[in-house]
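K.L.:
give me a model of this one.
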Amino acid sequence: MQTIDFELDREYVELKQLLKLTDLVSSGGEAKMIIGEGQVRVDGEVELRKACKIRAGQQVALGEVRIRVLAAT
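P.N.:
Modelled structure (predicted):
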């Protein structure tokens, strides 16, 4: 499984934005479709909310890719 460390420079990032910022999708529309199909997990649970707020300390998984959301140092 590939792991991407994403430094969060604000309080939260919306799930669809996180997928775009990490280059896992090429557009917001693609992000919405993938999330709506139940392909994305947040902290091990399927997440269907496209604007779900992702905060530092959480993990997001899409297929074989895991994103660890870290607080900016």
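
K.L.:
residue ranges of the helices in the chain, please?
P.N.:
If DSSP state H is used as the criterion, the helices of the chain fall at 15-21, 28-36.

K.L.:
tell me the most buried of these?
P.N.:
The highest average neighbour count among the helices of the chain, using mean count of other C-beta atoms under 10 Å, belongs to helix 15-21 at a mean of 21. Using the backbone N, CA and C atoms, a C-beta is placed for each residue, glycine as well.

K.L.:
that one packs against which elements?
P.N.:
For helix 15-21, the contact count by 3 or more C-beta pairs under 8 Å, 6 or more residues apart in numbering; DSSP states H and E identifies helix 28-36, strand 40-42, strand 53-54, strand 59-62 as packing neighbours.

K.L.:
neighbouring contacts of the shortest one?
P.N.:
Okay, so that is strand 53-54. By C-beta atoms under 8 Å, 6 or more residues apart in numbering, the list of residues contacting strand 53-54 from outside reads Leu8, Tyr12, Val13, Glu14, Leu15, Leu18, Val42, Val60, Val69.

K.L.:
the residues you listed: which two are farthest apart?
P.N.:
Maximum pairwise distance among these (C-beta to C-beta): 13.9 Å, between Leu8 and Val42.

K.L.:
re the thing from before, among the contacts of strand 53-54, name the buried ones.
P.N.:
Neighbour counting with 16 or more other C-beta atoms under 10 Å marks Leu8, Val13, Glu14, Leu15, Leu18, Val42, Val60, Val69 as buried within these.

K.L.:
what residues does the second one make contact with?
P.N.:
Think Val13. Residues counted as contacts of Val13 (C-beta under 8 Å, 6+ apart) are Leu21, Lys53, Ile54, Val69.

K.L.:
determine which two of these are furthest apart.
P.N.:
Maximum pairwise distance among these (C-beta to C-beta): 14.3 Å, between Leu21 and Lys53.

K.L.:
would you turn the buried ones among the contacts of strand 53-54 into JSON lines with pLDDT and distance to Val25?
P.N.:
As requested, the buried ones among the contacts of strand 53-54 are exported to JSON lines (pLDDT from 0 to 100; distance: C-beta to C-beta, whole Å):
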{"residue": "Leu8", "pLDDT": "96", "distance to Val25": "18"}
{"residue": "Val13", "pLDDT": "97", "distance to Val25": "14"}
{"residue": "Glu14", "pLDDT": "97", "distance to Val25": "13"}
{"residue": "Leu15", "pLDDT": "98", "distance to Val25": "11"}
{"residue": "Leu18", "pLDDT": "97", "distance to Val25": "10"}
{"residue": "Val42", "pLDDT": "98", "distance to Val25": "16"}
{"residue": "Val60", "pLDDT": "98", "distance to Val25": "12"}
{"residue": "Val69", "pLDDT": "98", "distance to Val25": "17"}
